[in-house]
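A.B. asks: Based on what follows, work out the 3D shape:
(chains A and B)
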Number of protein chains: 2
Amino acid sequence: MRKTAKRGQIIVVSGPSGAGKSTVIAEVRTRRANLTFSISYTTRQPRQGEENHVHYHFVDQETFRQMIEEGAFLEYASYQGNYYGTARADVEALVGDGYDVLLDIEVQGGATVRRLCPEATLIFVVPPSFGELSRRLHGRQSESEEVIQGRLNRAREEYREIPNYDYLVINDKISEAADEVLSILKAQDCRVSARFDMIKGDISL
Amino acid sequence: MRKTAKRGQIIVVSGPSGAGKSTVIAEVRTRRANLTFSISYTTRQPRQGEENHVHYHFVDQETFRQMIEEGAFLEYASYQGNYYGTARADVEALVGDGYDVLLDIEVQGGATVRRLCPEATLIFVVPPSFGELSRRLHGRQSESEEVIQGRLNRAREEYREIPNYDYLVINDKISEAADEVLSILKAQDCRVSARFDMIKGDISL
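C.D. replies: Here you go, the predicted model:
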């Protein structure tokens, strides 16, 4: 699907580590054909199974800082000593081609996108409760207690940014959370601001 | 479904006669359990098959004017010499009981609801084209050419109000138009403004 008349949407999805964002997003992608990612740039080390240019563009600090100076990022943020950023040109090319671009980013980045792209849709994903978040993080068994406590503290801070988001999806069951995200995207397609041009010519408004 | 903790939504659906609003709404109602109508008051004569207190509250002009004076209406409008209005108390009772209340009203009424209830969702339904609207109106074979031309002129005026609505649903296929309305309602349930209270207590925000 390329070069459709209609521009795509920009969708920000944020939420604490452990909210199940990635799983929900994967489910949403199987059910929404023109939805895609802009692959983020990051300076952090790849985790096991992560591939360069698939999960992230993995770059060194010097490259990342140079891109910042060049204004190459729509948004970027630092988290636990590493940079994460979305290349402006990548997103513009995809949206221009009619793709909906989903940005899986932190709350700092979400605030920047809100400022630069007021028409973007901001979705925050949370687990059903904070206790459940703690259980999910401990269940991973891949991180130290210190890292987990850091994530929980970070989550508390992120929750305070929810009022700056448009939608709040509570991820209890993945399929239901995915239904909600898909409904949000379909509703955004129906916004008068996105559709009015389609019928304006019809009666010379 | 009564006395749920959550208040319902107020949803305005407008669109020209012939857009297929009623059919779309009927389809939506079969698929959204807590969606209901506030039955409108009107001074017009019942059409064949219309029942008092089911399709409308049919009242005389004097009664209607007295209700206006008493401030009983959330919105009211006159159309082709008849009044149509939505009783404020009816809507408040239903929303308080957790029902989503769908108001099938004219653009004048939509503007009033927007002003009095900024959180209401305004949906405008159109046929795929103006030519199709004309075909549908002629296909009814129950109205004179003069009445049809009046409806088409009225439709042109109504279209100019679309920018005051939130969503535009183009009713080509009823099931797809109903899907869009249902997605809009589900998305509105996910608004941060509607949901933030649900999780706020969880981490003492």
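
A.B. asks: Flag every buried residue along the helix or strand of chain A with the lowest mean pLDDT.
C.D. replies: One helix or strand of chain A scores below all others by mean pLDDT, DSSP states H and E: helix A:192-200, with a mean of 84. By 16 or more other CB atoms under 10 Å in any protein chain shown, the buried positions in helix A:192-200 come out as A:192, A:194, A:195, A:196, A:199. (C-beta placed from N, C-alpha, C; glycine too.)

A.B. asks: show me what contacts the residue positioned nearest the centre of chain A?
C.D. replies: The centre of chain A sits closest to residue A:104, judged by CA atoms, centre = their mean, with a distance of 2.3 Å. Residue A:104 is in contact with A:13, A:14, A:21, A:22, A:25, A:37, A:40, counting by CB atoms under 8 Å, 6 or more residues apart in numbering or on different chains.

A.B. asks: What's the mean pLDDT across whichever strand or helix holds the fourth one?
C.D. replies: Residue A:22 is located in helix A:21-31, with elements delineated by DSSP states H and E. Predicted confidence along helix A:21-31 averages 94 (mean pLDDT).

A.B. asks: residues contacting the closest residue to residue A:179 other than its chain neighbours?
C.D. replies: Nearest non-adjacent residue to residue A:179, counting by CB to CB, 6 or more residues apart in numbering or on different chains: residue B:186, 7.3 Å away. For residue B:186, the contacting residues are A:179, A:180, A:183, A:184, A:187, by CB under 8 Å, 6+ apart.

A.B. asks: one step back: report the buried residues of the helix holding residue A:22.
C.D. replies: A:21, A:24, A:25, A:27, A:28.

A.B. asks: circling back: near chain B, list only the ones from the buried residues of helix A:192-200.
C.D. replies: A:192, A:195, A:196, A:199 (CB under 8 Å from any CB of the partner chain).

A.B. asks: Pretty sure the last one sits against residue B:158.
C.D. replies: No. In terms of CB atoms under 8 Å, residue A:199 does not count as a neighbour of residue B:158; the distance is 12.0 Å.

A.B. asks: picking up where we left off before, phi, psi of the residue nearest to the centre of chain A?
C.D. replies: Main-chain dihedrals, residue A:104, degrees, to the nearest 10: phi -90, psi 90.

A.B. asks: that older thread, quick one: which of the ones next to chain B among the buried residues of helix A:192-200 is nearest to residue A:57?
C.D. replies: Proximity of those to residue A:57 was ranked by CB to CB; the top entry is residue A:195 with 34.2 Å.

A.B. asks: Show the contacting residues for the spatially closest residue to the closest one that is not a sequence neighbour.
C.D. replies: Of all residues not flanking residue A:195 in the chain, residue B:168 sits nearest, at 4.4 Å (CB to CB, 6+ apart). Contact analysis of residue B:168 by CB under 8 Å, 6+ apart lists A:190, A:191, A:192, A:195, A:196, A:199, B:123, B:124, B:126, B:162.

A.B. asks: And the fifth one, how close does it get to residue B:159?
C.D. replies: This means residue A:196. Using CB to CB, to the nearest Å, residue A:196 is found at 10 Å from residue B:159.

A.B. asks: Same check on the first one?
C.D. replies: Distance of residue A:190 to residue B:159, given as CB to CB: 16 Å.

A.B. asks: picking that back up, pretty sure the residue nearest to residue A:195 belongs to a helix, no?
C.D. replies: No. Assigned with DSSP: H, G, I helix; E, B strand; the rest coil, residue B:168 falls outside any helix and is strand.

A.B. asks: Starting from residue A:28, give me the distance back to it.
C.D. replies: Taking CB to CB, one finds residue B:168 at 23 Å from residue A:28.

A.B. asks: and if you look at residue A:82?
C.D. replies: Per CB to CB, residue A:82 is found 26 Å from residue A:28.

A.B. asks: same question, residue A:73
C.D. replies: Counting by CB to CB - residue A:73 and residue A:28 are separated by 24 Å.

A.B. asks: likewise residue A:90?
C.D. replies: Using CB to CB, residue A:90 is found at 20 Å from residue A:28.

A.B. asks: Repeat that for residue A:197.
C.D. replies: For residue A:197 relative to residue A:28 (CB to CB), the value is 26 Å.
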